[in-house]
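In: The following block contains a protein sequence and its predicted model.
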Amino acid sequence: DLFAKVSVEWGFTNPEGGDTHYSSLRGTNANLVVRQNVEQNFQATLYVEPKSNSESVEFEEILLNSLDELRDRFPGLTAEQTDFGWKINVPEELTETHEEHFTRVTENYLDALEEGQLPEWERTNLLTKYYITTQAYELSRD
């Protein structure tokens, strides 16, 4: 079974110090958790939380091998064990602020608008999303 849940809470002002965020993706063997709070200096930080013993040598080996496979595309990724699980360290040159991300998304949108069509990857994502949504709707009516 696959389940999804989204909860959002927007305040009128940011907490003192900056924006906060928490999200979690639950997997079979581990959870991927993004925390952005005072402990992370209000920077979005990815943690991999194993569901079994976090001291597991096998889990560490799998995680580090996975990061090795990603380094061609994302150089400089490392991991360190913390109280929250395995923290994934992303080099500064691979990160972007909320404002930088918003700018990039806006520029992509304006490019698509000017070209008069969505990029192929976006078209595929939209078709997939609506297929899943309509199939879920049909299943909910059975």
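Out: Sure thing, it's come through. Numbering: from 1, shown residues only.
In: name the element Arg35 belongs to?
Out: If you go by DSSP states H and E, Arg35 is part of strand 30-36.
In: Relative to that strand, what are the paired strands and their orientations?
Out: strand 21-26 (antiparallel), strand 45-50 (antiparallel) (DSSP bridges).
In: Please work out which of the ones you listed is packed deepest.
Out: Of the strands paired with strand 30-36, the one with the most neighbours on average (mean count of other Cβ atoms under 10 Å) is strand 45-50, at a mean of 19. Backbone N, C-alpha and C define where each C-beta goes, glycine included.
In: which of the residues in the next helix or strand after that strand are buried?
Out: Downstream of strand 45-50, the next assigned helix or strand under DSSP H and E is helix 57-70. The neighbour-count check on helix 57-70 (16 or more other Cβ atoms under 10 Å) flags Phe59, Leu63, Leu67 as buried.
In: elements contacting the host helix or strand of Tyr137?
Out: Applying DSSP H and E as the criterion places Tyr137 in helix 120-141. When contacts are defined as 3 or more Cβ pairs under 8 Å, 6 or more residues apart in numbering; DSSP states H and E, helix 120-141 sits against none of the other helices and strands.
In: Appreciated, that's everything.
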